[in-house]
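Undergrad: With the sequence up front, the predicted model follows.
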Amino acid sequence: MRKYLLGIGAALLVFLVACQSESKEVIDFHNGYIDNVDAKLEEVDEQTEIIYNGDPSDEEAEEAADKLESLGNEMVEYLEDQDPEQEDTKEYKALRLEFAKLYKESIDLDVEWVRGVLEGSIDDNDVEELMNASYEKYEEASDKFDEAEEKLDELSDEYGLEEIEE
């Protein structure tokens, strides 16, 4: 009887350690996402506000376009560089990466129309088309963001994770 109980105890211990390892990977990935992607979203909003709602000089518009392009690239590159081992974290990463790629496509379309206006290479119809296409990509990205948040909620429930406000 003892060997059987010890066997169950050892199996339970291995299961608990595996769960801790999986939850740690999810936590580490999500915290990295917050620090390296989510933190940039506010700056993207600020730069987008400049080009859409401000009355920027050519220099300010070009600077905003450069910053947007850089931020979009940084977000996608960071996520592409992540290599989780656990299946749950891989699925969560895939959703966050898809969000970042769609968001970057939206940013790239904004950068295209801003630079086109500055260069005088596009007309108002082209600008409107690019703005509409950017908005559509933004909506797709927003949907993917929501899916990633749902996955995070599932993982939080599964592993008993709690959000800590800093």
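TA: Happy to help now that I have it. Just so we're clear, the structure is a prediction, and the values are computed from it rather than from any experiment.
Undergrad: Same question for stretch 84-99: list its buried residues.
TA: Residues 84, 86, 88-89, 92-99 are the ones in stretch 84-99 that count as buried (16 or more other C-beta atoms under 10 Å). Yep, even glycine has a C-beta here, placed from its N, CA and C like the rest.
Undergrad: Now secondary structure too, for the residues you listed, in CSV please.
TA: Below are the buried residues of stretch 84-99 laid out as CSV (DSSP: H, G, I helix; E, B strand; the rest coil):
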residue, secondary structure
84, coil
86, coil
88, helix
89, helix
92, helix
93, helix
94, helix
95, helix
96, helix
97, helix
98, helix
99, helix
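Undergrad: For residue 29, which non-adjacent residue is spatially closest?
TA: residue 89 (5.2 Å; C-beta to C-beta, 6 or more residues apart in numbering).
Undergrad: buried set for the longest helix seen in the chain?
TA: In the chain, with assignment by DSSP state H, the single longest helix is helix 124-159. For helix 124-159, a neighbour-count test (16+ other C-beta under 10 Å) marks 130, 133-134, 137-138, 140-141, 144-145, 148, 151-152, 155-156, 159 as buried.
Undergrad: pull the helix or strand with minimum mean pLDDT from the chain.
TA: helix 2-33 (a mean of 56; mean pLDDT, DSSP states H and E).
Undergrad: moving C-terminal of that helix, what's the next helix or strand?
TA: Following helix 2-33 in sequence order, the next helix or strand is helix 39-53 (DSSP states H and E).
Undergrad: Any idea how far that next one is from the middle of the chain?
TA: For helix 39-53, the separation from the chain centroid amounts to 15 Å (computed by C-alpha atoms, centre = their mean, to the nearest Å).
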